[in-house]
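Q: Below is the sequence, then the predicted model.
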Amino acid sequence: MTAITVLLLLAVCIAGLQAQCPDPGSLTDASGNKVCARMFEDSHYYYEQSCGGDYLDAYANDDFPFMPRGWNDHISSLVVSKFCSLTVWSRSRKEGSRRKFTSGIQYRLKDVGQGLFGDWDNDISAYYCEC
């Protein structure tokens with residue numbers, strides 16, 4: 001093997017170790033409890049590398065008119081469990097724009113429009129999750 005081939009294989013292996021969004025059908029926390037939605041601080045142009053960094057779990061009937069400390073305007077990707085929905089607002093107290101996400105993976109909130117020129121990347125300030 002040439003040095004270039006080895007470097008390419010190493011890069012592919014490292015990329016494979018990057019974040020990967022969890023399956024909406026089996027979204028649970030470390031204790032095995034069902035999670036309504038999981039919100040991640042990072043996203044990426046390559047979907048297989050989205051859902052990275054720290055994450056915030058939302059459970060059924062979680063109702064947060066204010067984001068927990070350190071999470072306001074820090075969500076870039078999310079996963080909503082099967083048979084659940086996550087409603088988010090762009091401003092605290094459930095004000096501003098509103099969007100409802102149903103079961104599935106949203107790899108990049110930058111791709112989800114908000115109004116004429118905006119998007120939802122780093123713009124969630126309140127949420128309600130239901131299953």
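A: Perfect, thanks for sending it.
Q: Tell me what the residue nearest to the spatial centre of the chain is bridged to.
A: Centroid check for the chain by CA atoms, centre = their mean gives L78 as the closest residue, at 1.8 Å. Judged by DSSP bridges, the bridge partners of L78 are M39, Q106.
Q: Which other helices and strands does the helix or strand in which E41 is found contact?
A: Counting by DSSP states H and E, the element that carries E41 is strand 37-42. Contacts defined by 3 or more CB pairs under 8 Å, 6 or more residues apart in numbering; DSSP states H and E place strand 37-42 against strand 52-58, strand 77-91, strand 126-130. To be clear about C-beta, it is placed using only N, CA and C from the backbone, and glycine gets the same treatment.
Q: how far does the first one sit from the chain's center?
A: Taking CA atoms, centre = their mean, to the nearest Å, one finds the center of strand 52-58 at 7 Å from the center of the full chain.
Q: So for it, what gets flagged as buried?
A: Neighbour-count burial for strand 52-58 flags 52, 55-58 (criterion: 16 or more other CB atoms under 10 Å).
Q: Could you figure out how far the strand holding E41 is turned away from strand 126-130?
A: Angle, strand 37-42 to strand 126-130, by axes from the mean of the first three to the mean of the last three CA atoms, to 10 degrees: 140 degrees.
Q: Using PDB, write out every CA atom in strand 37-42.
A: Taking C-alpha atoms only, strand 37-42 is exported to PDB below (Å, rounded to 0.1, in the frame of the first residue of the first chain):
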ATOM      1  CA  ALA A  37     -36.700  13.900  21.100                       C
ATOM      2  CA  ARG A  38     -33.000  14.400  21.200                       C
ATOM      3  CA  MET A  39     -31.600  17.800  20.200                       C
ATOM      4  CA  PHE A  40     -27.900  18.100  19.300                       C
ATOM      5  CA  GLU A  41     -25.600  21.200  19.300                       C
ATOM      6  CA  ASP A  42     -23.800  20.200  16.000                       C
END
